[in-house]
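# I'd like to go over a predicted model; first the sequence, then the structure.
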Amino acid sequence: MKVISVIVPLYYGEKYMTDIISQLEMCKTYLGIRDYIEVIFVNDAPDAQLSLNWKGEFIHITVINTEENVGIHGARIKGLRKCRGEYVLFLDQDDRIEPEYFRNQLMAIGENDAVICKAIHNKKCFYPNDDNFLKIVSKEYMLGKWNHILSPGQVLLRKKSIPTIWSETILKYNGADDWFLWLCMLAEECSFALNCQILYEHVMHDKNTSDNILSMVQSQQEVISTVWEKEIFKGDDLKLLLDAFFVRFMNYIWELTILRKRFRILDVWMKARESGTDFGEYLLRSGVKTCGIYGCGILGEHLYDELKRTVHIKFFIDRNAANIHKNIPVYTDEDVLPETDMIIIALLNEADAVDEKIKKKFCVKTLVFTDWLMKNGVDRKLFLFGIGKIAERYTEFLRQLPVEIYGYVDNDINRCGTFFYDRKIYAPEILKEEEESAVLIACDDIEGITEQLTRMGVHNKIISLDHIIRKGLGALKPYKSNVRNIKE
């Protein structure tokens, strides 16, 4: 008879309990009659006590309510001290496992201390390369390359192999207690088996601790300090771990930069749509009826959803094409591509390099979506060129619209730095310094100012008053016709 204990910390997670119980009851149907599964829910929300009267048809259910918040590591330890199983699985409240999870993991563990299965993350296999999967539990890889075990839900453990130091040293910060566990086990020379079957899915949402960069960094720093102070690793092993932590920290900075850029792009995109700027219509006006999209990430996914109603999207291009499953073909940039009117580059990084490569290799029109978006959808700072009577009339009129005037421009250097209608007056050079700006000529000398701005290379920032009225500032774009301003 095999006894398996499943420990599930909950944090305002009562809604997940029924689903977890159902998953485990399905798992029981793949085990022997005498095999036994117990699930221990550890409720770590003291102000939301859970009922202890949960019953399962094929599994035993225990609910523990903490008296104070102890964090995810502390909750797992409470469950570990209560459990009776020979084998232990730490699940998160929203994890999903396959019905044959325990049967297959038990077959694969052999005489080892733990067994790790493959996983789904963001609806993709987390280990597309078998070679990388085979390396993840080596001591050298874990210390030098970081933790590539996605979640403890992948790992079935022998209870006796869980190090005492891990269960007695509870981390203050959530996020890295599983990494701490793997390090402790490696330090005690525990052995891990690898199961190449995909039996676990890590469900992503906005409350995942693994996606909270600040919390994760704090937790990882705490692990590093603990490993150092308790001499879990020393000498070259400790140096390897510290070097890997520094690299990982720099990666977090890079990830934050990407997130900031992604937010900026999506924000501009939404504002462009709200103001009536439609990328699909732009493509149709440009004669583009079919296209391919380079990039299956978040940007590419959103772009596909927006364009599929107006343009025939024939394919995706992605370096990881072999592991991506879509309802249209996915190619790599080394494949022979079907003919199409245009390939749209939907990348946040290396877009220009990819653009050049695609142009040269396939001799096809390309467009970098982020470049188009920033030129056509970005909010622009509105300047009025002039501080006379016409500027006064324009200002009074624009104040009745949902339009904000950022400042005024004038050639009189004596007025620069002073204020007009509570807005600062700048020299014309401000239009070159502020990349995301637009200028409305608000003076008599329209031709002269237009020529001046042309010489400065900012003539594409000139807009008309009627354009502002029709579109609003959120969609300000270069006005390519002859500039005409209303004087009366």
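Arrived safely.
# C-alpha from now on. contacts and neighbour counts both.
Fine.
# now the stretch 151-300 of the chain, which segments are flagged as low pLDDT?
Across the stretch 151-300 of the chain, the ranges flagged by pLDDT under 70 are 204-211, 275.
# That one: strands as residue ranges?
Applying DSSP state E, counting those that start in this stretch to the stretch 151-300 of the chain gives strands spanning 155-158, 192-202, 290-294.
# quick one, which of these is nearest to Ile405?
Of all the strands of the stretch 151-300 of the chain, it is strand 290-294 that lies closest to Ile405, at 37.6 Å by Cα to Cα.
# So what touches that closest one?
With Cα atoms under 8 Å, 6 or more residues apart in numbering as the test, strand 290-294 has contacts from 300, 304, 311-318, 340-347.
# could the strands of the stretch 151-300 of the chain be laid out in a markdown table, adding mean neighbour count and distance to Gly235?
As requested, these are arranged in a markdown table below (neighbours: other Cα atoms under 10 Å; distance: least, Cα to Cα, whole Å):
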| stretch | mean neighbour count | distance to Gly235 |
| --- | --- | --- |
| strand 155-158 | 24 | 28 |
| strand 192-202 | 20 | 24 |
| strand 290-294 | 24 | 46 |
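# Would you tell me which of the ones you listed gets closest to Met250?
Among those, strand 192-202 comes nearest to Met250, with 24.7 Å by Cα to Cα.
# All the helices of the stretch 51-200 of the chain, in order from the start?
Remark: helices assigned in the stretch 51-200 of the chain by DSSP state H, counting those that start in this stretch are 71-82, 101-109, 130-135, 139-144, 164-168, 177-187.
# Take those and lay them out in TSV including mean neighbour count.
Listed next are the helices of the stretch 51-200 of the chain as TSV, based on neighbours: other Cα atoms under 10 Å:
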stretch	mean neighbour count
helix 71-82	21
helix 101-109	18
helix 130-135	13
helix 139-144	18
helix 164-168	14
helix 177-187	21
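# Turn those into a markdown table, columns for distance to Gly32.
Below are the helices of the stretch 51-200 of the chain laid out as a markdown table (distance: least, Cα to Cα, whole Å):
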| stretch | distance to Gly32 |
| --- | --- |
| helix 71-82 | 24 |
| helix 101-109 | 9 |
| helix 130-135 | 30 |
| helix 139-144 | 35 |
| helix 164-168 | 31 |
| helix 177-187 | 29 |
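# quick one on the thing from earlier: would you mind telling me which of the strands of the stretch 151-300 of the chain is nearest Ala353?
Judged by Cα to Cα, the one of the strands of the stretch 151-300 of the chain that comes nearest to Ala353 is strand 290-294, at 12.3 Å.
# Give the partner strands of that closest one in its sheet and their orientations.
Its sheet considered, strand 290-294 pairs with strand 312-317 (parallel), strand 342-345 (parallel) by DSSP bridges.
# and the helix or strand following the shortest one, what other elements does it pack with?
It stands for strand 342-345. As assigned by DSSP states H and E, the chain's next helix or strand after strand 342-345 is helix 351-362. Applying 3 or more Cα pairs under 8 Å, 6 or more residues apart in numbering; DSSP states H and E, one finds that helix 351-362 makes contact with strand 342-345, strand 365-368.
# which of those sits most buried?
Across those, the average number of neighbours (mean count of other Cα atoms under 10 Å) peaks for strand 342-345, which reaches a mean of 23.
# per-residue confidence at the residue lying closest to Tyr141 once chain neighbours are set aside?
Computed as Cα to Cα, 6 or more residues apart in numbering, the closest residue to Tyr141 that is not its neighbour in sequence is Lys135, at 6.5 Å. Note for Lys135: predicted pLDDT of 83.
# any idea how far Tyr101 is from Lys135?
For Lys135, the distance to Tyr101 (Cα to Cα, to the nearest Å) stands at 22 Å.
# One more: Phe263?
For Phe263, the distance to Tyr101 - Cα to Cα - is 38 Å.
# One more: Lys28?
From Lys28 to Tyr101 the distance is 10 Å (Cα to Cα).
# packing partners for the longest helix anywhere in the chain?
Criterion DSSP state H: the longest helix present in the chain is helix 235-274. With contacts defined as 3+ Cα pairs under 8 Å, 6+ apart, the packing partners of helix 235-274 are helix 139-144, helix 213-229, helix 369-376.
# Let's have these in JSON lines, adding distance to Phe90.
Shown next, in JSON lines, are the helices and strands packed on helix 235-274 (distance: least, Cα to Cα, whole Å):
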{"stretch": "helix 139-144", "distance to Phe90": "20"}
{"stretch": "helix 213-229", "distance to Phe90": "18"}
{"stretch": "helix 369-376", "distance to Phe90": "42"}
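# To Asp35, which of these lies closest?
That would be helix 139-144 among those, by Cα to Cα, at 33.0 Å.
# Only alpha carbons, please: show the closest one as CSV.
C-alpha atoms of helix 139-144 as CSV (Å, rounded to 0.1, in the frame of the first residue of the first chain):
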residue,chain,number,x,y,z
LYS,A,139,24.2,20.2,-8.7
GLU,A,140,26.3,22.1,-11.2
TYR,A,141,23.2,23.3,-13.2
MET,A,142,21.1,24.2,-10.1
LEU,A,143,24.0,26.2,-8.6
GLY,A,144,25.4,27.7,-11.8
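# Run through the neighbouring helices and strands of it.
helix 235-274.
# Name the residues of the helix it packs on that are buried.
Within helix 235-274, the residues that count as buried by 16 or more other Cα atoms under 10 Å are 238, 240-242, 244-245, 248-249, 252, 262, 265-266, 268-269, 271-272.
# Please apply the same query to stretch 88-99.
Buried-residue list, stretch 88-99, by 16+ other Cα under 10 Å: 88-97, 99.
# Can I get these in TSV including distance to Ser5?
Shown next, in TSV, are the buried residues of stretch 88-99 (distance: Cα to Cα, whole Å):
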residue	distance to Ser5
Val88	5
Leu89	6
Phe90	9
Leu91	10
Asp92	14
Gln93	15
Asp94	17
Asp95	16
Arg96	16
Ile97	14
Pro99	16
